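A.B. asks: Give me coordinates for this.
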Amino acid sequence: MNPYIVKRVERRRRPSFMRSAWILLNWKARLFLLGVATLLYLMISCLLTVTSLDAGNLASKNGFVEPIVQKTATGTKIGLSSFTGVMMHSESKKRRKSAKISWCKQLGMRPEPGPVVALASFPGSGNTWLRYLLQQATGILTGSIYRDFALLKNGFPAENIANGSVLVVKTHEYKNKAKEGYDKAILLVRDPFSSVVAEFNRRSGGHIGHASISKFRQDNGKMWKNFVDSKGKEWEEMNLDWSTNFSKPLLIVFYSDLVSRTREELSKILEFLEVPFTPQDIFCTLQNKEGIYRRSKSVSKTNNLFDSVLTTYLTNKQTKVFNVLKHIQEMSAKSGRKSKHG
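C.D. replies: Here you go, the predicted structure:
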């Protein structure tokens, strides 16, 4: 036989390195690798699904949100050129003429770096809405220690920026070193019942969507009860940690006050941030205060989610935390009055 042909036949029969390695693995190792690959696939799929839900919900609620060039309240347009590499701008002319976010001021970073201010809250406490209000009132972008692609595409191009070039930095972290590196902090607190439901909704329906009632009833309600149990504990720990262990200037803001007395609370926050503002800034913000970042009320499908055991559990935690927070507020107010008269 021709030696050249023999060599070609031998080369064909020689197994590849990957194939040889796979053959050498026993069945347990193969099963383990397949399991890891399947788990990674499911995790990535879930992440992409929630991000798509967020982007879709935000876009549908506001017609279409143009990420790079957005309208201001006066009708002029601004460009966020620093982020064109991240954002996408390939929509049709028809969509560009649809409703967009109306910003009161041109958005941008601080002219000069300022203090690094944490906007700390338990998930589901209105952090994104407060960021929206602050951007409306000041024109200064807000940042985050996270990189939420749905927010990145819809009004928060400074996501993942956590330094003094942004007005505040969103964080849900606590304990250990979570509070290090901040010069000031705003602690936004919402009652645990609303916070837990909002976080459950976010995990199933994105930032402004809702979990289906079947999600709450899954596994005969056991999954929901476990979620309330674990998140109720985290809600307590997070709010107590920031309120009692952060040694630098701290402003406590209750979400219910921000909703019912938006003008007063927003003015107080801006004074704490030492950012100049005018009555016109507040007026324009109030005119556009809903934006696209507040979850619409669900039509009574989430009524009676908390049985007597869960209600007692969360009520006890709320009473404990709110008593501590209100005491801190009172002490801070007395200290402020003394310094003024001092």
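
A.B. asks: quick one: low-confidence ranges for the stretch 201-342 of the chain?
C.D. replies: Low-confidence segments of the stretch 201-342 of the chain (pLDDT under 70): 204-219, 292-303, 337-342.

A.B. asks: Now do the helices in it.
C.D. replies: Counting by DSSP state H, counting those that start in this stretch, the stretch 201-342 of the chain has helices at residues 213-217, 222-245, 255-260, 262-273, 279-287, 308-341.

A.B. asks: So for the second one, what gets flagged as buried?
C.D. replies: Of all the residues in helix 222-245, those buried under the rule 16 or more other C-beta atoms under 10 Å are 224-225, 227-228, 231-232, 234-236, 238-243. Using the backbone N, CA and C atoms, a C-beta is placed for each residue, glycine as well.

A.B. asks: other SSEs contacting that helix?
C.D. replies: strand 184-189, helix 192-205, helix 213-217, strand 250-254, helix 308-341 (3 or more C-beta pairs under 8 Å, 6 or more residues apart in numbering; DSSP states H and E).

A.B. asks: Any stretches of the stretch 51-200 of the chain with poor pLDDT?
C.D. replies: Scanning the stretch 51-200 of the chain for pLDDT under 70 picks out 51-99.

A.B. asks: can we see that at 80?
C.D. replies: Counting by pLDDT under 80, the stretch 51-200 of the chain contains low-confidence ranges at 51-100.

A.B. asks: ok so, going back, packed most tightly, which of the helices and strands packed on helix 222-245 would that be?
C.D. replies: strand 184-189 (a mean of 23; mean count of other C-beta atoms under 10 Å).

A.B. asks: tell me the angle that strand makes with helix 262-273.
C.D. replies: 150 degrees (axes from the mean of the first three to the mean of the last three C-alpha atoms, to 10 degrees).

A.B. asks: which ones are touching the closest residue in space to residue 320 that isn't next to it in sequence?
C.D. replies: Spatially, and ignoring its direct neighbours in sequence, residue 320 is nearest to residue 236 (6.9 Å; C-beta to C-beta, 6 or more residues apart in numbering). Neighbouring residues of residue 236 by C-beta atoms under 8 Å, 6 or more residues apart in numbering: 192, 317, 320-321.

A.B. asks: What distance do you get for residue 236 to residue 314?
C.D. replies: 9 Å (C-beta to C-beta, to the nearest Å).

A.B. asks: Common neighbours of the two, please.
C.D. replies: Common neighbours of residue 236 and residue 314 (C-beta under 8 Å, 6+ apart) are residue 192.

A.B. asks: Buried by neighbour count: which residues of stretch 253-262 qualify?
C.D. replies: Judged by neighbour count (16+ other C-beta under 10 Å), stretch 253-262 contains these buried residues: 253-255, 258.

A.B. asks: What lies in contact with it?
C.D. replies: For stretch 253-262, using C-beta under 8 Å, 6+ apart, the contacting residues are 125-126, 130, 133, 186-191, 194, 264-266, 268-269, 286, 289, 325.

A.B. asks: Show the end-to-end separation of it, please.
C.D. replies: By C-alpha to C-alpha, to the nearest Å, the extent of stretch 253-262 from end to end equals 11 Å.

A.B. asks: for the helices of the stretch 201-342 of the chain, which one sits closest to residue 163?
C.D. replies: Smallest distance to residue 163 across the helices of the stretch 201-342 of the chain (C-beta to C-beta): 15.2 Å, for helix 262-273.

A.B. asks: re the thing from before, out of the buried residues of helix 222-245, which one sits closest to residue 113?
C.D. replies: Using C-beta to C-beta, the buried residues of helix 222-245 come closest to residue 113 at residue 242, 23.4 Å.

A.B. asks: quick one: contacts for the closest one?
C.D. replies: Contacts of residue 242 (C-beta under 8 Å, 6+ apart): 120, 174, 179, 185, 187, 250.

A.B. asks: And the helices of the stretch 201-342 of the chain: which comes nearest residue 143?
C.D. replies: Comparing those by C-beta to C-beta, helix 262-273 comes nearest, at 13.5 Å.

A.B. asks: quick one: that closest one to strand 250-254, angle?
C.D. replies: Using the same axes, to 10 degrees: helix 262-273 against strand 250-254 is 170 degrees.

A.B. asks: how about helix 262-273: buried residues?
C.D. replies: Per 16+ other C-beta under 10 Å, helix 262-273 contains these buried residues: 265-267, 269-270, 272-273.

A.B. asks: With distance to residue 150 added, can I get the residues you listed in JSON lines?
C.D. replies: Formatted as JSON lines, the buried residues of helix 262-273 follow (distance: C-beta to C-beta, whole Å):
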{"residue": "265", "distance to residue 150": "26"}
{"residue": "266", "distance to residue 150": "24"}
{"residue": "267", "distance to residue 150": "30"}
{"residue": "269", "distance to residue 150": "24"}
{"residue": "270", "distance to residue 150": "27"}
{"residue": "272", "distance to residue 150": "28"}
{"residue": "273", "distance to residue 150": "26"}
